[in-house]
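Engineer: pasted the sequence and its predicted model underneath.
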Amino acid sequence: DTGVSQNPRHKITKRGQNVTFRCDPISEHNRLYWYRQTLGQGPEFLTYFQNEAQLEKSRLLSDRFSAERPKGSFSTLEIQRTEQGDSAMYLCATRLAETQYFGPGTRLLVL
Amino acid sequence: GDSVTQMEGPVTLSEEAFLTINCTYTATGYPSLFWYVQYPGEGLQLLLKATKADDKGSNKGFEATYRKETTSFHLEKGSVQVSDSAVYFCALSNYGGSQGNLIFGKGTKLSVKP
């Protein structure tokens, strides 16, 4: 257990529905990252927060995706109008110095 | 852009065999290098890291040396155990950039048989 928690752990939804995932970081870590991992691949960077500011977004983050980190605490990742191609594991990580600590992930299946 | 290439799996070994998983990278500047491990049903865990050339990272009997001249960070273990069965990911982070996100290889699945 790295101290980073994510909820829910699993989500099944129908195409076109909206979903929201939550990440609770290690409290003293001010940098937070979201990644997406598809089957047989390594995680790919989606977006990055330093405290409450979203400083970087990958081109993978289409306009259907939005992320927030109110007050620099927990973070949410929302996907609107889900598509089957959104099925993946969504990982949250927090960083202290040069090390990133990952949560267990939320596995999304879009039917 | 920056990238990581690691040997494709799956790799199947007998217990007590020697393990090498190759990893090479392409990056500007001086990245930090990492090996993460993902056990079945669990999240990614940092296995070891090296932050500058010629550094050796080590943990749980695993080792990897940061070789700038060959842009490599190969993972080795002298005697694997069944409990080492997992997916291993090589990654780099170029903290000279603003965000310092990790760039991962595709992962190598290791199965160790008794």
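Structural biologist: Looks like it came in fine.
Engineer: ok, whichever strand or helix holds B:Ile103 near chain A or not?
Structural biologist: Element membership for B:Ile103 (DSSP states H and E) is strand B:102-104. Yes: applying C-beta under 8 Å from any C-beta of the partner chain, one finds that strand B:102-104 is in contact with chain A at B:Leu102, B:Ile103, B:Phe104. For every residue, glycine as well, the C-beta is placed using N, CA and C.
Engineer: quick check: closest non-adjacent residue to residue 55.
Structural biologist: All of this is about chain A. Counting by C-beta to C-beta, 6 or more residues apart in numbering or on different chains, A:Leu55 lies nearest to A:Tyr48, which is 5.5 Å off, once chain neighbours are set aside.
Engineer: not what I meant, chain B
Structural biologist: Using C-beta to C-beta, 6+ apart and skipping residues adjacent in sequence, the residue nearest B:Asp55 is B:Tyr66, 4.8 Å away.
Engineer: B:Pro114 touches B:Glu15, doesn't it?
Structural biologist: Yes: with contact defined as C-beta atoms under 8 Å, B:Pro114 counts as touching B:Glu15 (5.4 Å).
Engineer: wait, the residue nearest to A:Leu55 touches A:Leu61, no?
Structural biologist: No: in this structure, A:Tyr48 sits apart from A:Leu61 without contact. The criterion is C-beta under 8 Å, and the distance is 10.5 Å.
Engineer: which neighbours do B:Pro114 and B:Glu15 have in common?
Structural biologist: When contacts are counted by C-beta atoms under 8 Å, 6 or more residues apart in numbering or on different chains, B:Pro114 and B:Glu15 have B:Val82 as shared neighbours.
Engineer: between the two, who's got more neighbours?
Structural biologist: Neighbours of B:Pro114 and B:Glu15, each counted by other C-beta atoms under 10 Å in any protein chain shown, are more numerous for B:Glu15; the result is 13 against 7.
Engineer: ok, that one - contacts?
Structural biologist: If you count contacts by C-beta under 8 Å, 6+ apart, B:Glu15 has them with B:Val80, B:Gln81, B:Val82, B:Val112, B:Lys113, B:Pro114.
Engineer: one more time with 6 Å, if that's ok
Structural biologist: Taking C-beta atoms under 6 Å, 6 or more residues apart in numbering or on different chains, we find B:Glu15 in contact with B:Val82, B:Val112, B:Pro114.
Engineer: and the spatially closest residue to A:Pro25 that is not a sequence neighbour, helix, strand or coil?
Structural biologist: Across the structure, with C-beta to C-beta, 6+ apart as the measure, the residue nearest A:Pro25 apart from its sequence neighbours is A:Thr94 (4.1 Å). In the three-state summary, A:Thr94 is assigned as strand, counting by DSSP: H, G, I helix; E, B strand; the rest coil.
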